[in-house]
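Engineer: sharing a model prediction with you, sequence too.
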Amino acid sequence: MRATVAREFALPRFWSKLAKIAFGPESAPQTPANMTTKSKAYLIGGGIGSLAAAAFMIRDGNLPGGNISILEAAPILGGSLDAAGDADRGYSMRGGRMVTTDNYECTWDLCKSIPSLTRPGKSVFQETVEFNERHQSNSMARLVDRRRAKTPVASMGFSMQDRLELLRLSQATEESLGASRITDHLSLGFFETPFWYMWSTTFAFQPWHSAVEFKRYLLRFMLEFSRIETLAGVKRTIYNQYDSLVVPLQTWLADQGVHFVTDCRVTDIAHKTEDEKFVVTSLQCVCAGESEAIAVSDGDLVFLQNASMTDASSLGSMTHAPAQRTKAESGGWTLWERLADGRPEFGRPQVFNSSIAQAWWESFTVTLKDPSFFNQMKQFSGNEAGTGGLVTFKDSNWLLSIVLAFQPHFANQPEGVYVFWGYSLFPDRVGNFVPKSMTECNGAEILTELCGHLRFDPETTATANCIPCRMPYITSMFMPREKGDRPFPVPSGSKNLAFVSQFVEIPEDVVFTVEYSVRAAQMAVYELMGVERKVPNVTPHAKSHLAQFEALLKAFK
Ligand SMILES: Cc1cc2nc3c(=O)[nH]c(=O)nc-3n(C[C@H](O)[C@H](O)[C@H](O)COP(=O)(O)OP(=O)(O)OC[C@H]3O[C@@H](n4cnc5c(N)ncnc54)[C@H](O)[C@@H]3O)c2cc1C
């Protein structure tokens, strides 16, 4: 097998060496009984889930980094946490991420061991906390209406019926909710409340999504309930999440000797049954256009990223709308579909990937070479870039939102260049200022729509390069599901195969987060390797705050 190191790292190796002294493993590493020092680990997919799994195997499982290979179909690692480009070609990122320090227990557990690339001697966790102490979120223009007026958001707009229904939903069991949808539990008026506009656009919920997942969000992010209008609980990384999370982690892994094999799609997994257990024996891959087989020996481990929310996504340009791709053109779901066929313990991918109409939306990234858009936004919203978070045009047909992050947002972003990100939950609708659905629009037309809602002159975006991005499966994890539709990180009956993705079953935690993939990785590694260290608990905000939640519901008018 080729062992191609995918990326040359600009940062000196001595940081990593220094880090080993400063950030050595927190727990005494153990050698699991069922593995030897010659055991190998193969990670299929190079998203944050796989990178985290590799780090946990090294830090907590004592597996040498040189025994680990990450096989990624794309040309770079990071998966959905991508961000690329430059000032001339324009920057693009599929997503802009919010994190919290009240949750994300596994992510920060990991990031405490990964050296910062911007703050020598500190960890990624420390640099993030310090950055957020300097730049606190306090949105002053969370919702904007059709008159370009900032909508008052002190009131959540609940009726008595909304409050009762929300309480009932938050207390229902997952078994009783089954595969029901949010609309099965909340009346129509709820979907017109300021709360719904803020909550749904903060977390990308649609009314037809899973009631179980909505309930999990209410409980997991209960602390956000009382500060959703200012986004005060939201934390940001210094740069975009590729530069601030993926690059430091990948740098650390490279220094440990982990092999990164890009442009390599695993197309099949051969197995045998031993003591009634599923045992992977080899991986069939297509690497750089050539077929290869990787033998998986006794004691070796395999981790599969079963599908991706950004599968089949496509970029457009100022002059072209993004191509409309489906899973048939990407092959990203095929391996999970093949494995799960006839094996209920591996889940049911068709529950998540059968309706693009219910799962897709579009985002866009705008690169500007003068400050006028940022200046006008500051004047309009009252927020410096990086302190406001999402601004949602609540009456816009596309349900358009934008975020102006702290600048620079890219590690290589020159002074005088400004980058912001936005997205629409209803890209299938005709715009208010452009007589087309967003999906038919190129970047220039998206800017026309945005400036229309802001009543900004077109000159404000004269230097702009807007790159749209269509993501057909972006909310596929939110599709209504039942117990058993997602495999456990280590499915029952599996000896050496684990699943690390957004499509696994983890009690209490919520999908569409970096945390979910990192938690899945930590659970899978600890179980397969027999690591005794405990996976951090999901913080029980809900238990301690349920009474407070009830009081809040009663208090909000
Ligand atoms: C627009 C957007 C906004 C978001 N907002 C937030 C937010 O605010 N807060 C937050 O915490 N999270 C957010 N997220 C979610 C977060 O980014 C993801 O949950 C996380 O990055 C998923 O990581 P992953 O490793 O599980 O999967 P992915 O990043 O999807 O990686 C899977 C990788 O596996 C590869 N792969 C799959 N099959 C194969 C195969 N057979 N062979 C080889 N390679 C394969 C794919 O190419 C892909 O690179 C957002 C995501 C997006 C896209």
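Structural biologist: Looks like it arrived, so ask away.

Engineer: for the ligand, give me its nearest residue in the stretch 201-350 of the chain.
Structural biologist: Closest to the ligand within the stretch 201-350 of the chain is S308: 3.1 Å, counting by C-beta to the nearest ligand atom. Every residue, glycine included, has its C-beta placed from N, CA and C.

Engineer: and the residue lying farthest from the centre of the chain, what pLDDT?
Structural biologist: Computed with C-alpha atoms, centre = their mean, the residue of the chain farthest from its C-alpha average is D275, at 37.2 Å. Here the pLDDT value assigned to D275 is 93.

Engineer: cool, and L218?
Structural biologist: The predicted local confidence for L218 is 93.

Engineer: other residues contacting the strand or helix carrying it?
Structural biologist: Assigned by DSSP states H and E, L218 falls within helix 211-220. The contact list for helix 211-220 (C-beta atoms under 8 Å, 6 or more residues apart in numbering) reads 103, 166, 169-170, 172, 174, 177-178, 180-182, 184-185, 199, 203, 205, 225, 477-478, 480-481, 508-511, 538, 541-542, 546, 549.

Engineer: isn't the residue of the stretch 201-350 of the chain closest to the ligand up against G332?
Structural biologist: Yes. S308 lies in contact with G332 (C-beta atoms under 8 Å); the separation is 5.6 Å.

Engineer: neighbour count: the two, which is higher?
Structural biologist: With neighbours defined as other C-beta atoms under 10 Å, S308 and G332 compare such that S308 has more, 24 against 21.

Engineer: who's in contact with the more buried one?
Structural biologist: Counting by C-beta under 8 Å, 6+ apart, S308 touches 45, 47, 79-80, 332, 473, 501-502.

Engineer: same thing but at 10 Å, please
Structural biologist: 45, 47, 49, 73-74, 79-80, 330, 332-333, 471, 473, 476, 501-503 (C-beta atoms under 10 Å, 6 or more residues apart in numbering).

Engineer: neighbours of I58, how many?
Structural biologist: I58 sits with 25 neighbouring residues when counted by other C-beta under 10 Å.

Engineer: wait, it touches N67, no?
Structural biologist: Yes. The pair I58 / N67 is scored as a contact, 9.3 Å apart, by C-beta atoms under 10 Å.

Engineer: what do those two both touch?
Structural biologist: Common neighbours of I58 and N67 (C-beta under 10 Å, 6+ apart) are 41, 257-258.

Engineer: most surrounded residue in the residues you listed?
Structural biologist: Highest neighbour count within the shared contacts of I58 and N67: A41, with 28 neighbours (other C-beta under 10 Å).

Engineer: you'd agree I474 is up against A204?
Structural biologist: Yes. The pair I474 and A204 qualifies as a contact (C-beta under 10 Å) at a distance of 7.4 Å.

Engineer: can you list the residues of the stretch 1-150 of the chain near the ligand?
Structural biologist: 44-49, 71-74, 79-81, 94-95, 97-99 (C-beta under 6 Å from any ligand atom).

Engineer: do the helix holding L218 and the ligand meet?
Structural biologist: No. Using C-beta under 6 Å from any ligand atom, helix 211-220 stays clear of the ligand, with a minimum separation of 11.5 Å.

Engineer: next structured bit after that helix?
Structural biologist: Counting by DSSP H and E, the next helix or strand C-terminal to helix 211-220 is helix 222-225.

Engineer: report the backbone C-alpha coordinates of that next one in PDB.
Structural biologist: Provided in PDB are the C-alpha atoms of helix 222-225 (Å, rounded to 0.1, in the frame of the first residue of the first chain):
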ATOM      1  CA  MET A 222     -30.700  23.800  27.500                       C
ATOM      2  CA  LEU A 223     -28.300  26.500  28.600                       C
ATOM      3  CA  GLU A 224     -28.600  28.100  25.200                       C
ATOM      4  CA  PHE A 225     -32.400  28.400  25.600                       C
END
